[in-house]
Structures are given as structure tokens and as C-alpha cells.
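In: Return a 3D structure for these sequence lines:
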Amino acid sequence: MDGQAHIIRPLFGRAGRFTGLPADGFGLFTIPDRGERRQAIRERIHPALSELAADLHDVLTDAAAGSFHVHLPRLDWPRDYEPFCTWVVLSTLDHGYQAGPQINVGVHADHVAVRLGWDTSADAFGRFEFLARHGALGPMLRRAAEEAGLAYRAYATAPWPVGSRRIFESPDDYHGSFDAVRRAGVWWELGRRWDLPQALPLVASPSFLDEARRVVEALLPPLLRATGRRR
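Out: You can find the predicted model right below:
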């Protein structure tokens, strides 16, 4: 999501039933030492994200009748990258997933989000914007937002430890979300956001899987349209 971690390797493996994100994991993003922070995030948060992704992967693959690939970030590129969040991606691409739309579960110090997301520097994002503004994709996004209570958001970069700054949010104005991206955004999304610490009891519990699954199921039709898998 940060627009910097371009070298990614799949680190996915079925680890078991999702029991919740670690309640003590959200403070890891403020560890002063970068190397220590990166290791702590990978050791404490990534196993739970891998479990969550395994269940969501089954939902996507069964519903789409096609393969999805799961990616966890290395958080070590470029050399001066300061990890301020982490994420797991479900993508139709087996590598270079930042080139296209992705189902993304993002974990930040102050929130967790499940979203259809785009790195707005991707060449194909312009086509996605065009189809949303002028084609059938826009109504599909609107329907997904209404069905699952989602919102459009755009983020700009900010210095660590914040990392990303929300510059736009709306439950229905997707045109405005693209306008915000054109002004300053590096990340676009349609999804659900759970703010912390209010949502900590939910995201740290097995029940979060049900919430994430509901969002993913709503986002699947526009994802398939955006990737050309469904007309």
C-alpha cells in the first residue's frame, strides 16, 4: 500500500483456523529500530494474516471458479523503507500484484481494513478509473458498497510512523475518490475500515473472519470485472 515495497515474494502457507489478529501486535509499528520492527511484525502478525488469507482464499477461489494467489510482504525493500503497516493480498496475479487490483487486508497501528485496493501508480489504474467513471464497473462498485456498508477512500503518503494519510472518504462518491487520487493520492480503495482501539475485541477474535468474508464476497464481482474475468 505504501507504494515502495515493490519486491514481494509469496510467503503463504495454510497454518490453521483463524483465531484473530494478535491484540498486542498493533504497537509493533512504532518500534524505533527498523530491523527489529520488521522482524516483530513478521513474527507476530503475519501468521494470523496467513490463517485469515487461507480462509478468504477458499471463498474467492470457490466463488470465482479460478485461481487466486496470496502474498505477504517482506517489508525490507527499498533499504530505507520504514514499515508502518503490513498486509496480505489476494490477487489474480501470481507475481507483481501491485500492477492490478487486489483484495487486501491491511493492518495498521490505528485500524484494520479489508478492501479492493489499487496502487495508483500502476499503469492499469487509469483504465480502472475510466471503467468506473464511464462504464459498467461504477454501478458494480456502488452495489458492493451498498450491500456491505463499504466506503471509498484515498490515501497520501506521510512520514513514519504515520506512513499514510487519509485524504478522502465517502460511502457513495466514487468520482470524488478518483479526484482525490489525482490531487495527491497514492492508494485507492473500496472497503471496510475498523478503527482501533474501539474495534480491538472484534479484530482480535475469530469473529473477524465472518466480517472479512462478507466484505470479500461483496467485492468479488467488481474485482472480476476489473480483471476481465467477468463481463
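In: C-alpha only now, for contacts and for neighbours.
Out: Fine.
In: The residue nearest the centre of the chain: what secondary structure?
Out: Taking CA atoms, centre = their mean, the centroid of the chain lies closest to residue 104, which sits 2.5 Å from it. The three-state assignment at residue 104 reads strand, by DSSP: H, G, I helix; E, B strand; the rest coil.
In: ok, and the closest non-adjacent residue to it?
Out: residue 89 (4.6 Å; CA to CA, 6 or more residues apart in numbering).
In: Same check on residue 49?
Out: Per CA to CA, 6+ apart, closest to residue 49 is residue 88, 6.4 Å.
In: Just confirm that neighbour is within a helix.
Out: No. Going by three-state DSSP, the assignment for residue 88 is strand, not a helix.
In: buried stuff in the helix or strand bottoming out on mean pLDDT in the chain?
Out: Sorted by mean pLDDT, DSSP states H and E, the helices and strands of the chain end with helix 46-64, the least confident at a mean of 88. Residues 46-57, 59-60 are the ones in helix 46-64 that count as buried (16 or more other CA atoms under 10 Å).
In: Which strands or helices does that helix pack on?
Out: strand 69-71, strand 85-91, helix 208-226 (3 or more CA pairs under 8 Å, 6 or more residues apart in numbering; DSSP states H and E).
In: Direction included, what does the shortest one pair against?
Out: Partner strands for strand 69-71, per DSSP bridges, with pairing direction: strand 85-91 (antiparallel).
In: And the closest residue to residue 219 other than its chain neighbours, which helix or strand is it part of?
Out: The spatially closest residue to residue 219, leaving aside those adjacent along the chain, is residue 144, at 6.0 Å (CA to CA, 6+ apart). Assigned by DSSP states H and E, residue 144 belongs to helix 137-148.
In: And the residue nearest to residue 163 when sequence neighbours are not counted, how far from residue 105?
Out: Of all residues not flanking residue 163 in the chain, residue 84 sits nearest, at 5.5 Å (CA to CA, 6+ apart). Counting by CA to CA, to the nearest Å, the separation of residue 84 from residue 105 is 14 Å.
In: pLDDT below threshold where in this protein?
Out: Within the chain, the stretches with pLDDT under 70 are 1-16, 64-66, 230-231.
In: Do I have it right that residue 205 meets residue 20?
Out: Yes. Contact criterion CA atoms under 8 Å: residue 205 and residue 20 qualify, at 4.1 Å.
In: re the thing from before, the residue nearest to the centre of the chain touches residue 114, doesn't it?
Out: Yes. The criterion here is CA under 8 Å, and residue 104 meets it with residue 114 at 5.8 Å.
In: Identify the residues contacting the helix or strand where residue 130 lies?
Out: Assigned by DSSP H and E, residue 130 belongs to helix 125-134. Outside helix 125-134, the residues that touch it by CA atoms under 8 Å, 6 or more residues apart in numbering are 100, 118, 119, 137, 138, 139, 141, 175, 178, 226.
In: Now do the buried residues in it.
Out: Neighbour-count burial for helix 125-134 [16+ other CA under 10 Å]: 125, 128, 129, 132.
In: do the same with stretch 30-42
Out: Neighbour-count burial for stretch 30-42 [16+ other CA under 10 Å]: 30, 31, 34, 37, 38, 40, 41, 42.
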